[in-house]
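Novice: Quick one: sequence and predicted model below, then my questions.
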Amino acid sequence: MIYTVTLNPSIDYVVQLPELKLGEVNRLKTTYKFPGGKGINVSRILSQLGHQNQAWGFLGGLTGKFVSQQLTKLGVANRFTPIADDTRINVKLKAEQETELNAAGPQITPAEKQAFVEQFEHLTATDIVIFSGSVPSSLPQSFYFDLIQKVKERGAEYAVDTTGEALLKTLVTKPLVVKPNNHELADLFDVELSSLEAIKTYGRKLVQMGAQHVMISMAGDGGMLVTKDHCYRSAAPKGTVQNSVGAGDSMLAGFTGTYAATHDPVASFRYGLACGSATAFSADIATKKKIEEVLPQIKIEEF
Ligand SMILES: Nc1ncnc2c1ncn2[C@@H]1O[C@H](COP(=O)(O)OP(=O)(O)OP(=O)(O)O)[C@@H](O)[C@H]1O
Ligand SMILES: O=P(O)(O)OC[C@@]1(O)O[C@H](CO)[C@@H](O)[C@@H]1O
């Protein structure tokens, strides 16, 4: 079973307008509300593809109710810990450029935190836990690391999509896969990564530091997978980009779901790339139909 962890879910409020006029009233023609948060996006893709999974995290207030109702409607199994405070709303502004306004997130009380942590006691060695997204400011920044120790105690695998120190700190515990984008990879080492060779070199460093698979996403430039002995690369298929929010989460879902079923890193990378691009070419998170449409266009080469 795959479990996704979204400590800080959201309603993603997506607004579209041809031009943002700062300091003026902007009237919106098109708005959407989606259940958001990185792990939730991962769960949505896993469910689309028929991989058994359950979404975990914290939900509260009317906003939290909206998220859980939408997940139930979408057929995403979930077991969120209820909290007294409100789940956040993140604004995704699509004008000349994509701008995201992500809130800090709710207060989590010690009792709510404890109830959540207890869920980890039931993991087994065949499970995979996917940790994605920000940690609400009321929880310790070491929270992922503490949860990872619990996952390891149960003999389960885990994947992590986080950045900076939090990511570096987890590498020694040998995550199944980490998925920085090329900018996050550059920031980790405080370098500029201006060639594929350079990206490969720094991807290798994450493998040497402990990651089993390092999948580097590069938006419209495709992706790279670095393993202990190999490096694979693929350009991105062409298409009309509608909403790239969640493309990285979709990529992680495609990889992990396929890996859980096949243990084949190249097939998993291929599915990951297809899911990422399919979401970029959709208004919301991609459907299975869209993913299958994109899949034949993915060409992977050893690099
Ligand atoms: N414009 C695009 N055209 C084609 N494919 C894309 C595009 N944007 C993203 N993708 C696909 O999705 C993958 C993940 O995208 P990206 O690198 O933007 O992830 P990310 O930075 O983690 O995004 P997010 O945080 O919004 O989920 C890319 O590696 C690529 O395969
Ligand atoms: O603030 P975080 O937790 O880093 O990111 C949250 C978020 O931007 O990530 C998803 C896209 O990847 C969105 O659904 C959501 O709003």
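Specialist: That came through, no problem. Numbering: from 1, shown residues only. Ligands and ions are numbered 1, 2, ... in the order given.
Novice: Tell me which residue is most central in the protein.
Specialist: For the chain, residue 249 is the residue whose C-alpha lies nearest the centre (CA atoms, centre = their mean; 3.0 Å).
Novice: ok, for that residue, nearest residue in space, not its chain neighbours?
Specialist: Nearest residue to residue 249, sequence neighbours excluded (CB to CB, 6 or more residues apart in numbering): residue 41, at 3.6 Å. For glycine as for every other residue, the C-beta is placed from the backbone atoms N, C-alpha and C.
Novice: For the one you found, which three-state class applies?
Specialist: Under DSSP: H, G, I helix; E, B strand; the rest coil, residue 41 falls in the helix class.
Novice: Pull up the gap between it and ligand 1, please.
Specialist: From residue 41 across to ligand 1, the span is 7 Å (CB to the nearest ligand atom, to the nearest Å).
Novice: all helices of the stretch 151-300 of the chain, in order?
Specialist: Assigned helices in the stretch 151-300 of the chain, in chain order: 164-170, 182-189, 196-208, 247-262, 265-280, 288-294 (criterion: DSSP state H, counting those that start in this stretch).
Novice: Just list the residues touching the residue in the stretch 151-300 of the chain that ligand 1 sits nearest to, thanks.
Specialist: Closest to ligand 1 within the stretch 151-300 of the chain is residue 248: 2.0 Å, counting by CB to the nearest ligand atom. With contact set as CB atoms under 8 Å, 6 or more residues apart in numbering, residue 248 has these partners: 38, 161, 179, 181, 217, 276.
Novice: quick one: the third one and residue 252 touch, right?
Specialist: Read it as residue 179. Yes - using CB atoms under 8 Å, residue 179 is in contact with residue 252, at 4.9 Å.
Novice: Now for these two: what residues contact both?
Specialist: Common neighbours of residue 179 and residue 252 (CB under 8 Å, 6+ apart) are 159, 161, 215.
Novice: Which of those residues sits closest to residue 11?
Specialist: residue 161 (20.2 Å; CB to CB).
Novice: residues in contact with the closest residue in space to that closest one that isn't next to it in sequence?
Specialist: The shortest distance from residue 161 to any non-neighbouring residue, by CB to CB, 6+ apart, is to residue 132 (4.3 Å). Residue 132 makes contacts with 4-6, 37-39, 41-42, 160-162, 249, 252, as judged by CB under 8 Å, 6+ apart.
Novice: Noted, bye for now.
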